[in-house]
Structures are given as structure tokens and as C-alpha cells.
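>>> pasting the sequence and the predicted coordinates here, then a few questions.
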Amino acid sequence: MRRLLFDRTGSGAAEFSLVLPLLILLLLGMIDTGRYMWEYNRAEKATQMGARFAVVTDPVDSDLVTTKYVGTNGLTQGDPIPASAFGVVTCTSTSCLCTTSPCPALTLDSAAFTRIADRMRLMKADITNANVQIIYSSSGLGYAGDPNGMEVAPLVTVKLTGVKFKALTSLMLANINMPDFATTLTAEDSSGTASN
């Protein structure tokens, strides 16, 4: 019996079997951390690509192009459009809403919205139209009666929401919510269907 108590043969295998699951979990955790950082970067870059595309192509609220400011609040041809003359318009894949007044008429150009979302999917393929919001807000830029296109030059924010990350180490491969991503640029020519 005494010999059995002090016998150490096979102890390495027992210790290894205790440590192996922890090593595998640590390895998968490091892989997941790298994958999360990769997916985070892809989502951020997709948002930046969407914002760049949104400022140089047709606006999602097509009435931004046709809204005239001459005569509004005493503005005459060539007057700068004050920031208070334009509110906040939030567009999703189904509608555009005026979240802060005053707003132009709200007409969703679903083809323009889809083009922006498609551009974002070039960077991150699992983005759906429901994950994307496009927000137009006042920048205080623009001139009443501008003959070269849109009279107001709004800030265009492309926001990516509801993106999930599927971790390898979580139980049952549960989805982890990623933060919202947003990029804001000032509208440029806002006409056409293609970008460089």
C-alpha cells in the first residue's frame, strides 16, 4: 500500500489532462480576440466607405435636391443658409423621418439607399439594409438659389447598428453585440450613382 501512495507514474498525463482544456480555451480566446478586432475594423471601414459614397452620390432623401431656400426666412439669392434653416433627417431602408425640424419633404430614394448599403457590403458582406441608417443634419453651409445643385450642404452621417460577432469560445456560439459605428462627412456634389 505504501508503494502505491508514493507512485508518481502517470502523474504527468493526469496534470496534462487537467491543463489541456484551459490551454485550448486560452488559444481560442486569443483567436477570438483577433477575429473581433478584424470584424471591428471591417465594420468601421464599411461605415467610412458608406459615408464617402453617400456624400458624392444622390441623397437618400431625394427632396434635399429640390428644396429651395430663396424666400424662406427672408433669404435672397446668394445668401448663406443658416444652420437653423435645416433640421435632422434620418433615413432607413424603409423611410425617412424628420427627427428635428425644419425638414424638407421626405421622399425615400430606396435605390440610392441600396447603393450605399451595397458599397458597405463590399467591405463587410454580412451587413443588411436594416443595419444601416443615413442621417442628414445641418452644417450651416450652402447658398440660397445655388444654380449648381443642392442649395444646402448637410452633414451626412452613415451609421451601422445591430452588428453581431459570433465568438468561437462562447457557449453555443452565441452572438456578441458590437458597438454602433458612425462616420460623418459634409455633402459634396450629391449627384449621380457612382463614386471614385
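Cool, the structure landed.
>>> which of the residues in stretch 95-114 are buried?
Using 16 or more other C-beta atoms under 10 Å as the burial criterion, the residues of stretch 95-114 that qualify are 96, 103-104, 106, 108-109, 112-113. Every residue, glycine included, has its C-beta placed from N, CA and C.
>>> ends of it, how far apart?
Between the opening and closing residues of stretch 95-114 there is a gap of 13 Å (C-alpha to C-alpha, to the nearest Å).
>>> same question for stretch 106-114.
Using C-alpha to C-alpha, the two ends of stretch 106-114 sit 17 Å apart.
>>> residues in contact with the residue most central in space within the chain?
The residue at the geometric middle of the chain, judged as the C-alpha nearest the mean C-alpha position with C-alpha atoms, centre = their mean, is residue 160 (2.5 Å). By C-beta atoms under 8 Å, 6 or more residues apart in numbering, the contact list for residue 160 reads 43, 46-47, 50, 120, 127, 131-132, 180-182.
>>> closest one of the buried residues of stretch 95-114 to residue 2?
residue 113 (80.7 Å; C-beta to C-beta).
>>> measure the closest one to residue 29 for me?
According to C-beta to C-beta, to the nearest Å, residue 113 stands 38 Å off from residue 29.
>>> one more: residue 98?
Per C-beta to C-beta, residue 98 is found 46 Å from residue 29.
>>> equivalent analysis for residue 137, please.
Distance from residue 137 to residue 29, counting by C-beta to C-beta: 41 Å.
>>> when the two are compared, which one has more neighbours?
In this view residue 137 and residue 29 are compared by other C-beta atoms under 10 Å, and residue 137 has more residues nearby, 17 against 13.
>>> can you pull up the bridge partners for the more buried one?
Each beta-bridge partner of residue 137 is listed here, defined by DSSP bridges: residue 88, residue 155.
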